[in-house]
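K.L.:
I'll drop the sequence and a predicted model, then ask my questions.
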Amino acid sequence: MSSQSDETFDVVVVGGGGSGLAAAVEAARFGRKVVLLEKNPTLGGTTIRSVGSVTSTCTPLQWDKGIHDYPQAHFEDMALFADDRGFAEKDNLELRRVLVEHSPDMVQWLMDMGVVFFGAMPEPPHRLPRMHNVLPHARSYLYHLEKRARQLGVGIRVGARVVKLMRDDATITGVEVSTDHGSTRRIGAKLGVILATGDYSSAKEIKGQFMSADLADVEGINPTSTGDGQRMVQEAGGDIVNGEIMLGPEIRFVAPPSKKFIELIPPIKPIALAMRWAMNYLPSSLLRPFLMMFVTTNLAPSLNLFKKGAVLVNKVGKRFVDERNGPQLAIPRQPGRIAYVLMDHKIAAEFSAWPNFISTAPGVAYAYLADYRRNRKDVFFEAETLAELAKKLAMPADALEKTVAEYNSNLPAGLAPIDRAPYCALGPAKSWIVFTDGGARINSKFQVVDGSGQPIRGLYAAGSAGQGGVLLEGHGHHLGWAFVSGRLAGRSVALGSAEWTEAALAKRRATA
């Protein structure tokens with residue numbers, strides 16, 4: 001191998017999001033020489049874009065609230081989420097069991113590194129509160145995992161895109177890396193390569209294998225989720241499970257042009273602990289303005305807006321779809337792939353108080369129209385006339401006026417005309433696929449398997465790239481899977497065929 005490689009490590013991890021960092025930390029914890037390769041200029045992946053919740057039982061936060069909960073109950077309740085979407089028969093029950101049984105230890109592992117959670121919060125149909133929300137934001141995971149990885153000697157390289165797996169007969173022996181400088185290096189892996197490259201929500205070609213052309217054309221919310229791992233798995237003789245399942249398309253307002261205050265808070269433990277104290281003890285009236293900075297940032301607007309009579313118009317002022325019948329697929333076909341949510345004062349007044357919220361972060365707070373007026377001036381527009389509103393939106397006034405007149409003359413049943421000033425628009429909004437669920441077929445040791453079910457020697461996968469058919473519906477399961485699968489994949493590579501239950505590991509450490 002050394003004659004074929006420019007350098008060699010025990011373990012090569014591809015991808016610098018939550019699952020990749022978890023894998024690198026765990027492999028290095030057992031004394032392995034590890035390198036982590038991230039194609040982007042910074043670490044983070046999709047993890048850094050997430051709300052930041054993980055779902056688990058048997059955690060200190062549950063115990064502090066007197067909640068007696070168990071992995072078996074979690075296992076049973078996950079089936080309810082799958083049933084809601086009609087996917088139950090597609091689930092990998094073996095991997096679901098792995099997730100629920102290792103989640104409690106995963107939460108404690110993150111807390112031991114300095115990650116702070118708030119909760120546990122309820123989310124039906126979970127029978128008990130299990131959702132743990134990270135503080136101050138999802139960047140906390142990356143901050144603490146990267147810090148621990150470097151302490152353990154993991155070599156972290158950004159701007160290093162893995163373009164190909166190296167193999168010797170039937171064994172994966174390393175990777176070929178293309179750097180930002182245009183050079184190519186061959187990095188050998190004595191024990192194995194872990195693919196933790198995320199999903200393929202922004203890979204039109206791979207999406208096209210599993211879904212319609214209209215869906216494949218919808219952009220992914222993370223533009224760098226290009227399915228590199230899934231492509232390499234297929235090239236190595238593996239296949240993708242549940243490739244047609246995804247979250248989305250989903251309408252979301254574009255992100256703010258600059259970071260909000262909450263995103264700039266350092267993710268260090270003392271600040272996170274102070275925030276948790278405040279959330280537990282300060283009046284909600286004092287906390288709400290702070291929480292709204294987060295809840296109005298990049299979350300999906302409620303589709304109830306359209307049920308109450310709001311309409312979608314494109315950038316040239318034309319209504320282009322029945323908003324109550326799949327508008328998500330129509331937006332990508334509009335100029336600039338954007339749209340605006342238009343309403344009058346009657347509709348705006350309805351979305352000023354419960355139960356008609358604009359957006360929500362589960363277990364955190366609800367945002368109403370006034371919160372967008374205050375926190376998202378970049379997407380909130382208001383005027384006394386449609387012509388004035390059109391000017392603010394940089395669209396033809398006559399086109400917008402004509403659109404509203406035609407809508408009012410042929411109203412959908414049960415809806416009132418858009419005719420009372422002031423008029424309001426929210427946008428631009430885009431339609432995105434948030435993530436795809438298709439991952440490499442794997443076994444319970446996170447080895448990628450071929451068409452006959454045999455492990456491809458030296459190749460492992462974790463996170464979305466190694467989802468293996470397990471269904472992760474509901475908040476906190478995708479991120480929980482990232483950390484659980486990353487840890488266990490790193491452990492599996494580091495220890496090979498050795499037994500790696502917690503009891504066996506404790507015995508191994510005690511005799512080391």
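P.N.:
Arrived safely, thanks for sending. Numbering: from 1, shown residues only.
K.L.:
determine the longest helix present in this structure.
P.N.:
helix 93-113 (DSSP state H).
K.L.:
tell me the helices and strands packed up against whichever helix or strand comes after that helix.
P.N.:
Downstream of helix 93-113, the first helix or strand assigned by DSSP states H and E is strand 116-121. Judged by 3 or more Cβ pairs under 8 Å, 6 or more residues apart in numbering; DSSP states H and E, strand 116-121 is in contact with strand 53-55, helix 60-64, strand 131-135, helix 269-281. Glycine gets a C-beta too; all of them are placed from N, C-alpha and C.
K.L.:
and the last one, what's buried?
P.N.:
Meaning helix 269-281. 269, 272, 275-276, 279 (16 or more other Cβ atoms under 10 Å).
K.L.:
residues touching that helix, excluding its own?
P.N.:
114-118, 135-136, 140, 265, 287 (Cβ atoms under 8 Å, 6 or more residues apart in numbering).
K.L.:
run through the residues that contact the closest residue to residue 171 other than its chain neighbours.
P.N.:
Leaving aside its chain neighbours, residue 171 sits nearest to residue 457 (4.2 Å; criterion: Cβ to Cβ, 6 or more residues apart in numbering). Contact analysis of residue 457 by Cβ under 8 Å, 6+ apart lists 170-172.
K.L.:
which one of those sits in the busiest neighbourhood?
P.N.:
When neighbours are counted by other Cβ atoms under 10 Å, residue 172 leads those with 22 neighbours.
K.L.:
show me the contacts for that one.
P.N.:
Residue 172 neighbours (Cβ under 8 Å, 6+ apart): 165-166, 189, 192-193, 236, 456-459.
K.L.:
kindly report the same for residue 145.
P.N.:
Taking Cβ under 8 Å, 6+ apart as the test, what residue 145 contacts is 18, 21-22, 25, 113.
K.L.:
ok, residue 421 next?
P.N.:
344-345, 384-385.
K.L.:
ok, now with 10 Å
P.N.:
344-345, 382-386, 388-389 (Cβ atoms under 10 Å, 6 or more residues apart in numbering).
K.L.:
kindly report the same for residue 396.
P.N.:
With Cβ under 10 Å, 6+ apart, residue 396 has these contacts: 315-318, 387, 390, 402.
K.L.:
any chance of CSV for those, columns neighbour count?
P.N.:
Output for the contacts of residue 396, formatted as CSV (neighbours: other Cβ atoms under 10 Å):
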residue, neighbour count
315, 18
316, 15
317, 22
318, 17
387, 14
390, 23
402, 15
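K.L.:
so of these, which ones are in helices?
P.N.:
387, 390, 402.
K.L.:
output the residues you listed as TSV; include the columns distance to residue 126 and pLDDT.
P.N.:
As requested, the ones in helices among the contacts of residue 396 are arranged in TSV below (distance: Cβ to Cβ, whole Å; pLDDT from 0 to 100):
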residue	distance to residue 126	pLDDT
387	49	98
390	46	98
402	48	98
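K.L.:
and the strands in the stretch 251-400 of the chain?
P.N.:
For the stretch 251-400 of the chain, the strands defined by DSSP state E, counting those that start in this stretch occupy 311-313, 339-343, 359-361, 365-367, 380-383.
K.L.:
and the longest one, what other elements does it pack with?
P.N.:
Yep, that's strand 339-343 we're talking about. strand 250-253, helix 304-307, strand 311-313, helix 345-350, helix 386-392, helix 397-409, strand 423-433 (3 or more Cβ pairs under 10 Å, 6 or more residues apart in numbering; DSSP states H and E).
K.L.:
format the ones you listed as CSV; extra columns: distance to residue 8.
P.N.:
Formatted as CSV, the helices and strands packed on strand 339-343 follow (distance: least, Cβ to Cβ, whole Å):
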stretch, distance to residue 8
strand 250-253, 43
helix 304-307, 56
strand 311-313, 55
helix 345-350, 63
helix 386-392, 60
helix 397-409, 63
strand 423-433, 38
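K.L.:
and of these, who's closest to residue 221?
P.N.:
Counting by Cβ to Cβ, residue 221 lies closest to strand 423-433 out of the helices and strands packed on strand 339-343; the figure is 4.1 Å.
K.L.:
out of the ones in helices among the contacts of residue 396, which is nearest to residue 484?
P.N.:
Using Cβ to Cβ, these come closest to residue 484 at residue 390, 50.4 Å.
K.L.:
and the closest one, how far from residue 327?
P.N.:
According to Cβ to Cβ, to the nearest Å, residue 390 and residue 327 sit 21 Å apart.
K.L.:
pull the helix or strand with minimum mean pLDDT from this structure.
P.N.:
Every helix and strand of the chain was ranked by mean pLDDT, DSSP states H and E. The lowest is helix 502-511, at a mean of 54.
K.L.:
where does this protein dip in pLDDT?
P.N.:
Along the chain, segments meeting pLDDT under 70 span 1-3, 362-364, 497-512.
K.L.:
so who does the residue of it most remote from its centre touch?
P.N.:
The C-alpha centroid of the chain is most remote from residue 409, which lies 41.9 Å away (Cα atoms, centre = their mean). Applying Cβ under 10 Å, 6+ apart, we find residue 409 in contact with residue 417.
K.L.:
go on, residue 486?
P.N.:
Contacts of residue 486 by Cβ under 10 Å, 6+ apart are 13, 15, 17-27, 106, 145, 194, 196, 446, 462-463, 466.
K.L.:
quick one: work out the angle between the helix or strand where residue 147 lies and helix 93-113.
P.N.:
Under the criterion of DSSP H and E, residue 147 resides in helix 139-151. On the basis of axes from the mean of the first three to the mean of the last three Cα atoms, to 10 degrees, helix 139-151 is oriented at 80 degrees to helix 93-113.
K.L.:
just the buried residues of helix 139-151, please?
P.N.:
Buried, per 16+ other Cβ under 10 Å, within helix 139-151: 139-146, 148-149.
K.L.:
JSON lines for those, including distance to residue 435?
P.N.:
Output for the buried residues of helix 139-151, formatted as JSON lines (distance: Cβ to Cβ, whole Å):
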{"residue": "139", "distance to residue 435": "18"}
{"residue": "140", "distance to residue 435": "20"}
{"residue": "141", "distance to residue 435": "16"}
{"residue": "142", "distance to residue 435": "17"}
{"residue": "143", "distance to residue 435": "22"}
{"residue": "144", "distance to residue 435": "23"}
{"residue": "145", "distance to residue 435": "20"}
{"residue": "146", "distance to residue 435": "22"}
{"residue": "148", "distance to residue 435": "25"}
{"residue": "149", "distance to residue 435": "24"}
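K.L.:
closest one of these to residue 350?
P.N.:
Using Cβ to Cβ, the buried residues of helix 139-151 come closest to residue 350 at residue 139, 35.2 Å.
K.L.:
go ahead and confirm the closest one touches residue 18.
P.N.:
No. With contact defined as Cβ atoms under 10 Å, residue 139 does not reach residue 18; the gap is 11.1 Å.
K.L.:
how close does residue 260 get to residue 321?
P.N.:
For residue 260, the distance to residue 321 - Cβ to Cβ - is 30 Å.
K.L.:
oh, that last question was meant for residue 266, not what I typed.
P.N.:
43 Å.
K.L.:
next one: residue 19
P.N.:
Taken as Cβ to Cβ, the span from residue 19 to residue 321 is 37 Å.
K.L.:
between these two, who's got more neighbours?
P.N.:
residue 19 (35 against 20).
K.L.:
for stretch 78-89, C-alpha coordinates in PDB please.
P.N.:
Taking Å, rounded to 0.1, in the frame of the first residue of the first chain, the C-alpha atoms of stretch 78-89 are listed here in PDB:
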ATOM      1  CA  MET A  78     -40.600   5.700  16.000                       C
ATOM      2  CA  ALA A  79     -42.900   3.400  14.100                       C
ATOM      3  CA  LEU A  80     -45.800   5.900  14.600                       C
ATOM      4  CA  PHE A  81     -43.800   8.500  12.600                       C
ATOM      5  CA  ALA A  82     -43.100   6.000   9.800                       C
ATOM      6  CA  ASP A  83     -46.800   5.000   9.700                       C
ATOM      7  CA  ASP A  84     -47.900   8.600   9.300                       C
ATOM      8  CA  ARG A  85     -46.100   8.700   5.900                       C
ATOM      9  CA  GLY A  86     -46.900   5.200   4.800                       C
ATOM     10  CA  PHE A  87     -43.300   4.100   5.000                       C
ATOM     11  CA  ALA A  88     -43.400   1.500   7.800                       C
ATOM     12  CA  GLU A  89     -42.600  -1.400   5.500                       C
END
